[in-house]
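A.B. asks: got a predicted structure here, sequence first:
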Amino acid sequence: MRTVPKSFVALFVAAVLGVPLPVFLTRAQVVGGLSSAPPTSPTSSTPINLAGIVLNAASGVPISRALVQINGRAMLTDHEGKFEFDQFGPATTAILEVRKPGFYLSTEMGASSLTLRSNQLAAPVVVRLYPEALITGTLTAPDGTPLSQVLVNARRSAYNDGGHQWFVTANSITNSRGEFRLAVPPGDYRIETNFSPRLRGSGNAILPLVVPAAGASIHMSGGTEQHFDLRPVVSRTYTVALRIDPLPERGFPMILARSGDGSVFPANVIRSGPDAGDDMRVALPSGTYTLIANVNMGENTQYGETMVTITDQNLSGVTLHMSPVAPIPVQVVVDPGATSDKTPPTPQQLGLMMQNAQETMSRMGSNVFMVASAGDRGAYLRPTPGIYRLSARGSGQWFIKSATYGTTDLLQQEMTVAAGAGSFPVVVTVSDQMGGLQGAVKLNGSPGSAWIYVIPTGTSAVPFYTNRSGMDGSFNVPNLPPGSYQVIAFENRHMVDYRDPKTLAPFTTYVRSVTVSQGNKATVDLDAVTDTELKP
């Protein structure tokens, strides 16, 4: 097959589809090989033919007319989903991307295209594209009246080094019949509507709705559709006259309303004048709310909250008293048993962070607070009042042996930050008394490259450690704290909540338990979970 210029293919695809190319075309990741034989390494001077096939990850059916790009060359797959780049120049690595409207790169958020190594370039490759899933439904008032022009979001559950987060993946405005349509990648979701303080043509508001409720999610498989009929509460709203004291010199507070049932939503603030700190209004239904104000001005974060009760009438004279959020110092000390004469890590090098344990606040963006530093004040955290969990990424030959905040053991307990906190420092004790882990991975019965996840079963600031095996299947994790671990391998990245024991339940035959002792390197051999076993 003859290659064509990348720019020509891009224009051709855009013309056929009749849509802007950047909006609909997404990347796909190369995830395996067509041949079960070990890949051979091309010589340093001989061109090769790079061939492969693009498949629907859900059905296994070849995908035609997918745009394949590698190292500046591009082509469309044929009717059998095949592509071939002839006279492909010798290279040590290559980046392969595949794009097709209605398909996504992976089941993982933030995944990038795969870098092919030299010994993979001469072997056929399989590219699996994941078809979109559809969330459809209607939004109506309790009496059945369609609610039009209302924003509906699909939030996707995702895990990364910072912990668990909910990301808005798609949104839709309901039409005149209250209908919405959300095209999303395979994954776990919640559907939500925001607080709408002024329902068109009335003084009513649409109260926020999250489906399903906290602690649950909707699993969407590629190529499937699920329909939901949503009926949020519609209620009359009343005006709350609000004053911010003192009004920040720069910036303007984001104001949240937390209702008695724990739900949190942004309050719509109306200001009559640019300098009128006492001339602000928010519209809220009857009930009891905690109004929360937060403004970030670099090193000076201010916070305030007050409780209001609305009983079927407008409310005036409400003041939100703002005060600076006190910094919490972070100190790193070396364990007496450490033997290294190297400089201990800084809190930033440890990747220390505090993640909000209150899910409703997490959805509003008050999620993760990183360690900062400023001159002679050293390192500090500045979380707003709330409940947090400590996590870290780890740092080379040092690990966190203990972490305390007053009498709170941060490796086992959550950290409660009250207004005006800052009297206690976070004290992190580090040690260099480490061990390691080595072994080999088989993929489909043959040595191969896979992602290794090493999960502590005891207390740890690091939820898991990752490593990638080489093409010969070997891997080496040189720096691990002493303790017990569960180890598992996946063909590609698989970011989930490894702190939850239920996460590994479907893969018990692949999980290996291992104990790492100080100064020693344990050995474990693994069979990798293939992508086909993770069919979304």
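C.D. replies: Received, thanks.

A.B. asks: wasn't residue 505 part of a strand?
C.D. replies: No. Applying DSSP: H, G, I helix; E, B strand; the rest coil, one finds residue 505 to be helix, outside a strand.

A.B. asks: how many neighbouring residues does it have?
C.D. replies: Neighbour count of residue 505, defined by other C-beta atoms under 10 Å: 9. (Each C-beta comes from the backbone N, C-alpha and C, glycine too.)

A.B. asks: just want the most central residue of the protein.
C.D. replies: residue 158 (3.9 Å; C-alpha atoms, centre = their mean).

A.B. asks: so it touches residue 185, yeah?
C.D. replies: No. With contacts counted by C-beta atoms under 8 Å, residue 158 stays clear of residue 185, the gap being 10.6 Å.

A.B. asks: circling back: who is the residue nearest to the centre of the chain paired with across the strands?
C.D. replies: residue 165 (DSSP bridges).

A.B. asks: cool, and residue 138?
C.D. replies: Residue 138 has the following beta-bridge partners by DSSP bridges: residue 179, residue 229.

A.B. asks: could you do residue 50 as well?
C.D. replies: residue 85.

A.B. asks: can you offset everything so residue one is 9?
C.D. replies: Fine by me, first position is 9 from now on; the one you just mentioned is residue 58.

A.B. asks: quick check, residue 471 in a strand?
C.D. replies: No. Using three-state DSSP, the assignment for residue 471 is coil, not a strand.

A.B. asks: for it, give me its contacts.
C.D. replies: Residues in contact with residue 471 (C-beta atoms under 8 Å, 6 or more residues apart in numbering) are 171, 399, 463-464, 506-507.

A.B. asks: go on, residue 362?
C.D. replies: Residue 362 makes contact with 376-377, 389, 391, 396-399, 423, according to C-beta under 8 Å, 6+ apart.

A.B. asks: mind listing what's buried along stretch 88-108?
C.D. replies: 89-93, 96, 99, 102, 104-108 (16 or more other C-beta atoms under 10 Å).

A.B. asks: so the chain: which segments form each domain?
C.D. replies: 14-139, 142-240, 250-332, 336-439, 443-542 (automatic domain parsing).

A.B. asks: helices of the protein, residue ranges please.
C.D. replies: In the chain, the segments counted as helices under DSSP state H are 14-25, 29-32, 355-358, 367-371.

A.B. asks: ranking these by mean pLDDT, which is last?
C.D. replies: Among these, helix 29-32 carries the lowest mean pLDDT, a mean of 33.

A.B. asks: relative to residue 491, how far out is residue 439?
C.D. replies: From residue 439 across to residue 491, the span is 12 Å (C-beta to C-beta, to the nearest Å).

A.B. asks: which of these two has more residues huddled nearby?
C.D. replies: Counted by other C-beta under 10 Å, residue 439 and residue 491 do not tie: residue 439 has more neighbours, with 22 against 17.

A.B. asks: contacting residues around the nearest residue to the more buried one once chain neighbours are set aside?
C.D. replies: Excluding its sequence neighbours, the residue lying closest to residue 439 (C-beta to C-beta, 6 or more residues apart in numbering) is residue 343, at 4.0 Å. Residue 343 is in contact with 409, 437-439, 441, counting by C-beta under 8 Å, 6+ apart.

A.B. asks: how about residue 476?
C.D. replies: Counted by C-beta under 8 Å, 6+ apart, residue 476 has contacts 457-460, 483.

A.B. asks: ok, residue 90 next?
C.D. replies: 9, 59-62, 70.

A.B. asks: can you do 10 Å?
C.D. replies: Residue 90 makes contact with 9, 42, 59-62, 70, 72, 76, 132, according to C-beta atoms under 10 Å, 6 or more residues apart in numbering.

A.B. asks: and what of residue 333?
C.D. replies: Residue 333 sits in contact with 302-304, 308-311, 377, 389-393, 425, 427-430, where contact means C-beta under 10 Å, 6+ apart.

A.B. asks: among those, which ones are buried?
C.D. replies: Burial by neighbour count, judged by 16+ other C-beta under 10 Å, picks out 302-304, 309-311, 377, 389-392, 425, 429-430 from those.

A.B. asks: give me the pLDDT for residue 95.
C.D. replies: Looking at residue 95, its pLDDT is 72.

A.B. asks: and residue 385, by the same measure?
C.D. replies: The per-residue pLDDT reported for residue 385 equals 67.

A.B. asks: that older thread, okay if I get the contacts of residue 471 as a markdown table plus distance to residue 515 and pLDDT?
C.D. replies: Below are those laid out as a markdown table (distance: C-beta to C-beta, whole Å; pLDDT from 0 to 100):
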| residue | distance to residue 515 | pLDDT |
| --- | --- | --- |
| 171 | 22 | 70 |
| 399 | 23 | 87 |
| 463 | 12 | 94 |
| 464 | 17 | 94 |
| 506 | 11 | 87 |
| 507 | 16 | 82 |
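
A.B. asks: which of the residues you listed lies closest to residue 138?
C.D. replies: residue 506 (22.2 Å; C-beta to C-beta).

A.B. asks: got the contacts of residue 362 as CSV, with distance to residue 223 columns?
C.D. replies: Converted to CSV, the contacts of residue 362 look like this (distance: C-beta to C-beta, whole Å):
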residue, distance to residue 223
376, 20
377, 24
389, 27
391, 23
396, 19
397, 16
398, 22
399, 20
423, 22
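
A.B. asks: where does confidence bottom out across those?
C.D. replies: Minimum pLDDT across those falls on residue 376, with 78.

A.B. asks: pretty sure it contacts residue 392?
C.D. replies: No. Residue 376 lies out of contact with residue 392 (C-beta atoms under 10 Å); the separation is 12.0 Å.

A.B. asks: show the pLDDT at the residue nearest to the centre of the chain.
C.D. replies: So residue 166 comes in at 83 (pLDDT).

A.B. asks: what sits against it?
C.D. replies: By C-beta under 10 Å, 6+ apart, residue 166 lies in contact with 116-118, 172-175, 177, 195-196, 503-504.
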